[in-house]
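>>> Quick check, what structure comes out for this input:
(one chain, ligands or ions: 1)
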Amino acid sequence: MKTEKKQTVCRICESKLNDFIYLGKTPFADSFPKEKDKYEKQYQLDIKLCAACQCLQMGHQLTMREVFNDDYAFFTNASPAAVEHFEQYAEDIKQLPQSKGFVFEIASNDGTLLEMMKDHSSKVLGIDACANVVRYANDKGIPTLHGFFNQTRGEEIGETEGYADMVIANNVLAHVENINSFVAGVSIILKSTGVFVFEFQYLPQLINNLTWDNFYHEHRMFLSLTAISRLLRKHSMAIVDVVETPQHGGSVRVTASKDMGHLSATATKLINRYEKPLHGLTDFKYRVINNCEKLKLMVEQLQFEGKVVAGYGATAKSCTLLNAADIQLEYIVDLTPHKIGRFAPGTKIPIISPKQEKARYGRADVYLLTAWNYADRILQKERSYMGRGGRFIIPIPNPILI
Ligand code: JHZ
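Residues are numbered from 1 along each chain as shown. Sure thing, here's the model as predicted:
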């Protein structure tokens, strides 16, 4: 069965897409093989530009089922920094009156955020595409449906579970196969007085901060507020507020509603500042190539000097970073039980727990901080390692050895 499709038109407005950057082939970023010699299919990482919506998109269209399977490796609660982020998120949305009613979260993963809302809201319900995380959430008492969300599913859930006062969707708009059907579903399930709150990686920050390793197949869209505003309007919603958050190298949290008044002042300000036109597109490609070359050289120089260089954080984005820059490491250390004992996609670098690392190797001489988005927290945690001469490479935006 042929599952790969080329995406030639914009997923939002159907304008023709233009070539932007090609990063070679990689396997799925969030699928960690159990055996080193397991065959992994590789797919092209070709990023396209929609000039009308001012957003970037993955040129290869993989089916949702290929990307989100029952062996999904990302569990929110395995990352203390992600949990901390959602604690603040929960506090923020509790200020909105709609949060006291029925809160429905799409792509709710292991139920981390809904668990924080459970005692505050009259009803919480999640939906997620990956059976393993759904099982985990239900087992801990967070009601979670299994499956993909779209217009039809929105209609069904509205009829069976009722209509939501608040719909939440974090880091999922960029992932869905049919973004118009997804937002149509949100509009159906949302009460006329409800709010739609969602967070996504903000394209102007991806460009400014050169967080190019966020280009992997799970992410089909790299969204601007111009694109989001156009998308919401197609489905009778509008942005009422936006806040910038540091998540994943620069994200925005949008609150939207069915009140089709003017675009919020906060959104207008960001659009005027970063998106008219989208800054930094012309030299982006050269900055990425330069970043890859410098990083590879830095790692290889250290290895040549006999240093043990390991990865810190088996992140999804490290799949792009390590494969595109063609970097090999001794091992990658990660806290996620589901990833431990497996191998990094493509490079097949072994993933081990901090405990296994201690028993087998002691500590590495240098860590390539593949979870660079948590640099502050990790460097703080690793103060004593650094005090003993341990070092980190921060790969992005300009590789530095500290
Ligand atoms: P983290 C995830 O991407 C998954 P990833 C997903 N693909 C997506 O779309 C984006 O989010 C938005 C580990 N870690 O959050 C835990 C440590 O081991 O950067 C995680 O495996 N020790 C759905 O995977 C990884 O690093 C630590 O001290 O790029 C962090 O993954 C810390 C802080 C983290 O997202």
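>>> can you pull out the helices in the stretch 201-350 of the chain?
In the stretch 201-350 of the chain, the helices defined using DSSP state H, counting those that start in this stretch lie at 203-208, 225-234, 265-274, 281-304, 317-324.
>>> For those, could you give me TSV that also reports mean pLDDT and distance to the ligand?
From N, CA and C alone the C-beta is placed, and that goes for glycine too. Below are the helices of the stretch 201-350 of the chain laid out as TSV (pLDDT from 0 to 100; distance: least, Cβ to the nearest ligand atom, whole Å):
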stretch	mean pLDDT	distance to the ligand
helix 203-208	95	12
helix 225-234	94	16
helix 265-274	92	20
helix 281-304	95	17
helix 317-324	97	4
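>>> and the spatially most central residue of the chain, how far is that from the ligand?
Most central in the chain under Cα atoms, centre = their mean is residue 171, positioned 5.3 Å from the mean C-alpha point. Distance from residue 171 to the ligand, counting by Cβ to the nearest ligand atom, to the nearest Å: 4 Å.
>>> And for residue 174?
Applying Cβ to the nearest ligand atom, the value for residue 174 to the ligand is 7 Å.
>>> now swap in residue 150 and tell me
Between residue 150 and the ligand the distance, using Cβ to the nearest ligand atom, works out to 18 Å.
>>> quick one, what contacts that residue?
The neighbours of residue 150, taking Cβ atoms under 8 Å, 6 or more residues apart in numbering as the test, are 176, 178, 181-182, 184-185.
>>> ok, back up a step: isn't the residue nearest to the centre of the chain right next to residue 200, touching?
Yes - if you go by Cβ atoms under 8 Å, residue 171 and residue 200 touch, sitting 6.3 Å apart.
>>> what residues does the strand or helix carrying residue 356 touch?
Taking DSSP states H and E as the definition, one finds residue 356 inside helix 354-360. Helix 354-360 has contacts (Cβ under 8 Å, 6+ apart) with 310, 331, 333, 335, 340, 352, 363-364.
>>> Take the residues you listed and keep only those in strands.
Judged by DSSP state E, the contacts of helix 354-360 include 310, 333, 352 as members of strands.
>>> ok, so of those, who is nearest the ligand?
Checking these against the ligand with Cβ to the nearest ligand atom, the nearest one is residue 333 at 6.5 Å.
>>> residues near the closest residue to residue 204 other than its chain neighbours, how many?
Of all residues not flanking residue 204 in the chain, residue 274 sits nearest, at 3.6 Å (Cβ to Cβ, 6 or more residues apart in numbering). Residues within reach of residue 274, counting by other Cβ atoms under 10 Å, total 21.
>>> how far away is residue 274 from residue 193?
31 Å (Cβ to Cβ, to the nearest Å).
>>> anything in the longest strand along the chain near the ligand?
In the chain, assigned by DSSP E, the strand with the most residues is strand 190-201. No - using Cβ under 6 Å from any ligand atom, strand 190-201 stays clear of the ligand, with a minimum separation of 6.7 Å.
>>> chain center to that strand, what's the gap?
Chain-centre distance of strand 190-201: 18 Å, with Cα atoms, centre = their mean, to the nearest Å.
>>> Next, the buried residues of that strand.
Under the neighbour-count criterion of 16 or more other Cβ atoms under 10 Å, strand 190-201 has 190-191, 194-201 buried.
>>> Over to stretch 357-377?
Buried residues in stretch 357-377, counted by 16+ other Cβ under 10 Å: 357, 363-374.
>>> And stretch 93-106, by the same measure?
By neighbour count on 16+ other Cβ under 10 Å, the buried set for stretch 93-106 is 93, 98-99, 101-106.
>>> Show me what the worst-scoring helix or strand of the chain on mean pLDDT is packed against.
Within the chain, no helix or strand scores below helix 64-67, which has a mean of 75 by mean pLDDT, DSSP states H and E. Contact partners of helix 64-67 among helices and strands, from 3 or more Cβ pairs under 8 Å, 6 or more residues apart in numbering; DSSP states H and E: none.
>>> and for that helix, what are the contacting residues?
The contact list for helix 64-67 (Cβ under 8 Å, 6+ apart) reads 3, 28, 30, 129, 148, 175-177, 217-218.
>>> Report the buried members of these.
If we count by 16+ other Cβ under 10 Å, the contacts of helix 64-67 have these buried: 28, 30, 129, 148, 175-177, 217-218.
>>> For these, give me TSV that also has secondary structure and pLDDT.
Shown next, in TSV, are these (DSSP: H, G, I helix; E, B strand; the rest coil; pLDDT from 0 to 100):
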residue	secondary structure	pLDDT
28	coil	90
30	coil	87
129	coil	93
148	coil	94
175	coil	92
176	coil	91
177	coil	88
217	coil	91
218	coil	89
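>>> Identify, from the residues you listed, the entry nearest to residue 381.
For those, the minimum distance to residue 381 (Cβ to Cβ) is 23.9 Å, reached by residue 30.
>>> from what I can see that closest one touches residue 316, true?
Yes - under the criterion of Cβ under 8 Å, residue 30 makes contact with residue 316 at 4.7 Å.
>>> pull the CA atoms of stretch 57-76 into CSV?
Output of stretch 57-76 as CSV, limited to C-alpha atoms (Å, rounded to 0.1, in the frame of the first residue of the first chain):
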residue,chain,number,x,y,z
GLN,A,57,4.7,22.9,5.7
MET,A,58,6.1,19.4,5.3
GLY,A,59,6.3,18.5,1.6
HIS,A,60,5.8,14.8,2.4
GLN,A,61,2.4,13.7,3.7
LEU,A,62,2.5,10.5,5.8
THR,A,63,-0.7,9.0,7.1
MET,A,64,-1.6,9.7,10.7
ARG,A,65,-1.6,6.1,11.5
GLU,A,66,2.1,5.8,10.5
VAL,A,67,3.1,8.7,12.7
PHE,A,68,0.8,8.1,15.7
ASN,A,69,0.9,4.4,16.4
ASP,A,70,0.5,2.3,19.6
ASP,A,71,4.2,2.5,20.4
TYR,A,72,4.3,6.3,20.8
ALA,A,73,7.3,7.4,22.8
PHE,A,74,6.4,10.8,24.1
PHE,A,75,4.8,10.8,27.6
THR,A,76,4.4,14.4,28.9
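>>> Would you write a PyMOL line that selects the buried entries of the contacts of helix 354-360?
Buried subset of these, written as a PyMOL selection, criterion 16+ other Cβ under 10 Å:
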select buried, resi 310+331+333+340+352+363+364
